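Asks: sequence and predicted structure below; questions after.
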Amino acid sequence: MCLGLPGQVVEIADADSHLAVAEISGVRRVVNIGLLVGDDGGVAIGDWVLIHVGFAMAKIDEDEARHALAFIEELGSVYDELAPFGESG
């Protein structure tokens, strides 16, 4: 299964190399936006993108990003509840 994480672009770090800084749940990471350069004007500060293994794969709207983040947080809390059942002791 592949999981893309929504992140908001907060800085264009190197336009020539297609690198931007995106914030994902409070953590900032450098991501490659090269795959989106030709899409509807490219990527700008404030845009939300779906990130997979360091690459922005698609632009998404803020509502979609918020729903995805809420779902991912919910998955994490379910995992935290189930984790003790998988521990051997």
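Replies: Sure, I can see it.

Asks: in a helix, residue 51, correct?
Replies: No: if the criterion is DSSP: H, G, I helix; E, B strand; the rest coil, then residue 51 is strand and not within a helix.

Asks: which residues does it form beta bridges with?
Replies: residue 5, residue 56 (DSSP bridges).

Asks: that one contacts residue 3, correct?
Replies: No: shown here, residue 51 and residue 3 do not form a contact pair, counting by CB atoms under 8 Å, at 9.8 Å. All C-beta spots, glycine's among them, are computed from the backbone N, C-alpha and C.

Asks: looking at those two, which is more packed in?
Replies: The neighbour comparison of residue 51 against residue 3 (other CB atoms under 10 Å) goes to residue 51, with 21 against 11.

Asks: for that one, which residues are in contact?
Replies: 4, 5, 6, 7, 22, 24, 29, 31, 57 (CB atoms under 8 Å, 6 or more residues apart in numbering).

Asks: try it again at 10 Å.
Replies: Residues in contact with residue 51 (CB atoms under 10 Å, 6 or more residues apart in numbering) are 3-7, 22, 24, 29, 31-33, 57-58.

Asks: rank those by pLDDT and give me only the lowest.
Replies: Ranked by pLDDT, those bottom out at residue 3, which has 76.

Asks: and residue 51, how far from residue 28?
Replies: Here the criterion is CB to CB, to the nearest Å. By it, residue 51 lies 12 Å from residue 28.
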